[in-house]
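Enquirer: return a 3D structure for these sequence lines:
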Amino acid sequence: MPEKRVGFIGYGEWGRGIRAFTVFAFFLLSMAPFPLNALTLDNASDGMALGSSLSVLKDPQSQMGIDQVRRADQSGLFHPLHGEDEPNFGYTHSAVWLHATFVNGTTETRWVLELPFAQLDQVEFYLIDKTTGTIINHYRTGDTLPFSERPMVHRHFVFPMELAHNESYEIYMRVRSEGTVTIPLFLWKDSTFARESRNAYMALMLYFGLLLGLFTYNLRLYFSLRDRVYLYYLGFIASIGLGMGAWNGLFFEYLWPDSPRWGNIAAVVGYNLTGMFGAIFSRRFLNSRTFTPLLDRVMKYCTWVFSFLVVAAPLAQYHQIAMMTSAVGILFSIAAVTSGMNCLHHGQRSARYFLLAWSLLLLGTAIFGARNFGLLPTNLFTRYSMQYGSAIEILLFSFALAERISDLRRSKEMAEEAALVAKRRMVELLERAEHELEQRVKERTRELTLINSRLQEQESRLKGLAMYDPLTGLANRRLLDERIEEALSSCSHKSHKVALLLIDLDKFKPVNDTHGHEVGDALLRAIAGRLQSLVRSSDTVARIGGDEFVIVIPGMGDTSRAQQIGENVIRELSQPIAEDEHTLNISASVGMAFYPDDGLNGASLMRQADKAMYEAKRNGRNRLFSSIDLATA
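Expert: Sure, this is the predicted structure:
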């Protein structure tokens, strides 16, 4: 055989022999497996990640049992996972076997092995005494099995172990899943794991509490503004809560422990609903149809795909739905952020916080999707990147909502200013018409008459709308008369009573004289609020004069409720009122009349209540008088 040089300087036959031996030795070393050193548990550590101490074997047919796997391990078919603290195998149909060897060098005997990735279909765990080869523990779990079959009650897969001092053990774990196969393994002392679990549950409670608070706040905004963009954002918040709660196993533990089929797809359904509502919300918030029509179409197509995936999730294979969700999530992330940048460039102020908030959320989503495909390593950041991003997005988006409200306020002010300009122009037109009246008397007279009639019609309509007191917001005299007539009409065919309470404030004038009218006006507003709090929504509270108020209480079976309200008025208005660094003490005299006992119309009831009120003032003020009291006085 001719000499084959491998980088040595020739030394004759002796040199060739050395070279041949060296090549053969390297060949044998390259073929031999490099077993991982056994991990030693010591008292200095309460827990550790096993990723760098693991070796892996893939079973493409998913048919190997523990005995076959142990023989494969002895044959050197397992390969070490160097530098992977949290192994991630992406989307794979193979069953993945992991193996680790360790020695318990501590006096602690109670340990747990945690697999903090709740979205795994099948998980089998074997603990083997390395000295005797005996299987000590064997557990089978996964999110396709009911929660009650887990070895420990926890949202993650947790396996308890009893380890003797200075004994060697082997761990074999088999994992198979339709979704991404991520297998982070952590070995904990039992007491340390309990403490860390409490902290983790507390963090989740704070996170979902933040979601609930934001949901409630935006629900209130929706009912106040009736803007559907808030409704879409409510759907987004609820969906991301569903996705996150299902993904980290919390909802499987507490909401549907006996529904593994739903628990297996709840996370992907939640994330697709999040994408669907997020795309609709982004389009409406940014008005992307106007500013970025091309990106708007991309987000609209993403909405359709997300909607389709929600419907298809129970029917199609999980890994197909999960992969499509990750892919569309990345596409939507790029489109939404780019659209936000374009809208900001076009001067849309509220896009500033929107862009920052969604950039962080969608960056987390993109990182999460890339991790699912195995493009990024799995660690604490990439595993919870979407949850981190959503939490920061929640805080930042409150600023975006405030900016949107400011935009609406500015738009309203601009509309009012435009209305004033239009009014000034109308006045100018009228002045011009008056100037031309001398030349075209008959024609302009007809035109001015027509214009004046229209203005009078508008003025009469506006007067018809002026039914409330501008200072307190209570009903004025006109609306009060209508409410009295309605109350009396409703009693014409029923055996019910109507009560009318006339309230006059005692010593209100000294407040105005001493503290000024601004304090007096503030006092009247405070009194109006107190009166409103004492009655039902069907009752009417009105202000008919400077310091006179009226309460109309319809539909009473007897007079006891009106008597109680009158007494509550006396008590509430006698309480001090703090206003503008002043403490104001005031009281009220109340006169009360009843239909039909004291009158058959509003005027007679008002006169009777007025008499009772003046009788209350003559008897020392700060008291209630009714027609019954007048009869006995």
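Enquirer: all helices for the stretch 401-550 of the chain, in order.
Expert: Applying DSSP state H, counting those that start in this stretch to the stretch 401-550 of the chain gives helices spanning 441-465, 477-490, 509-515, 517-533.
Enquirer: buried ones in the first one?
Expert: The one in question is helix 441-465. R444 (16 or more other C-beta atoms under 10 Å). (C-beta placed from N, C-alpha, C; glycine too.)
Enquirer: and it with helix 477-490, angle?
Expert: Going by axes from the mean of the first three to the mean of the last three C-alpha atoms, to 10 degrees, helix 441-465 is angled at 60 degrees with respect to helix 477-490.
Enquirer: report how many residues lie close to D598.
Expert: By other C-beta atoms under 10 Å, 21 other residues sit near D598.
Enquirer: circling back to that earlier point, nearest to P596, of the helices of the stretch 401-550 of the chain?
Expert: helix 477-490 (8.6 Å; C-beta to C-beta).
Enquirer: columns mean pLDDT and distance to E167 on top of the helices of the stretch 401-550 of the chain, output as CSV?
Expert: Formatted as CSV, these follow (pLDDT from 0 to 100; distance: least, C-beta to C-beta, whole Å):
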stretch, mean pLDDT, distance to E167
helix 441-465, 71, 88
helix 477-490, 90, 87
helix 509-515, 84, 86
helix 517-533, 90, 73
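Enquirer: reformat these as CSV; add distance to M152.
Expert: Below are the helices of the stretch 401-550 of the chain laid out as CSV (distance: least, C-beta to C-beta, whole Å):
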stretch, distance to M152
helix 441-465, 67
helix 477-490, 66
helix 509-515, 69
helix 517-533, 53
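Enquirer: quick one: closest of those helices to D46.
Expert: That would be helix 517-533 among those, by C-beta to C-beta, at 56.7 Å.
Enquirer: the spatially most central residue of the chain in helix, strand or coil?
Expert: Centroid-nearest residue in the chain: L211, 3.3 Å away (criterion: C-alpha atoms, centre = their mean). The three-state label given to L211 by DSSP: H, G, I helix; E, B strand; the rest coil is helix.
Enquirer: surely it meets G243?
Expert: No: in this structure L211 lies outside contact range of G243 using C-beta atoms under 8 Å: 11.0 Å.
Enquirer: which non-adjacent residue is nearest A357?
Expert: L396 (3.7 Å; C-beta to C-beta, 6 or more residues apart in numbering).
Enquirer: quick one: which helix or strand includes the one you found?
Expert: Using DSSP states H and E, L396 sits within helix 385-435.
Enquirer: which helices and strands does that helix pack with?
Expert: Here helix 385-435 touches helix 190-225, helix 228-247, helix 351-372, helix 441-465, going by 3 or more C-beta pairs under 8 Å, 6 or more residues apart in numbering; DSSP states H and E.
Enquirer: quick one: mean pLDDT for the second one?
Expert: It stands for helix 228-247. The pLDDT scores in helix 228-247 average 88.
Enquirer: buried ones in that helix?
Expert: 229-247.
Enquirer: contacts for that helix?
Expert: Contacts with helix 228-247, where a contact means C-beta atoms under 8 Å, 6 or more residues apart in numbering, come from 118-119, 207-208, 211-212, 214-215, 218-219, 221-222, 251-252, 255, 263, 266-267, 269-271, 273-274, 276-278, 280-281, 284-285, 386-387, 390, 394, 397, 404.
Enquirer: was I right about M613 contacting S589?
Expert: Yes: under the criterion of C-beta under 8 Å, M613 makes contact with S589 at 5.5 Å.
Enquirer: any shared contact partners between the two?
Expert: Joint contacts of M613 and S589 (C-beta under 8 Å, 6+ apart) are I503, D504, F625.
Enquirer: for D547, give its distance to N248.
Expert: 61 Å (C-beta to C-beta, to the nearest Å).
Enquirer: neighbour-wise, which of these two wins?
Expert: N248 (23 against 20).
Enquirer: my guess is the residue nearest to A357 meets S359, correct?
Expert: No: when contacts are counted by C-beta under 8 Å, L396 is not listed as touching S359 (9.5 Å).
Enquirer: surely D59 and T92 touch.
Expert: No: between D59 and T92 there is no contact under C-beta under 8 Å: 10.5 Å.
Enquirer: partner residues bridging V103?
Expert: T40, S168 (DSSP bridges).
Enquirer: just to check, it is in contact with H165?
Expert: No: judged on C-beta under 8 Å, V103 makes no contact with H165 at a distance of 9.8 Å.
Enquirer: pick out whichever of the two has more residues nearby.
Expert: Set side by side, V103 and H165 show more neighbours around V103, with 17 against 11, by other C-beta under 10 Å.
Enquirer: mind putting the shared contacts of M613 and S589 in TSV, distance to M161 included?
Expert: Formatted as TSV, the shared contacts of M613 and S589 follow (distance: C-beta to C-beta, whole Å):
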residue	distance to M161
I503	77
D504	82
F625	83
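Enquirer: wait, which of the residues you listed is closest to I577?
Expert: Lowest distance from I577 to these (C-beta to C-beta) belongs to I503, with 15.1 Å.
Enquirer: which ones are touching that closest one?
Expert: Residues in contact with I503 (C-beta under 8 Å, 6+ apart) are L531, E548, F549, V550, I551, V569, L573, A588, S589, V590, M613.
Enquirer: closest one of those residues to V310?
Expert: Out of these, the member with the shortest distance to V310 (by C-beta to C-beta) is L531, at 51.2 Å.
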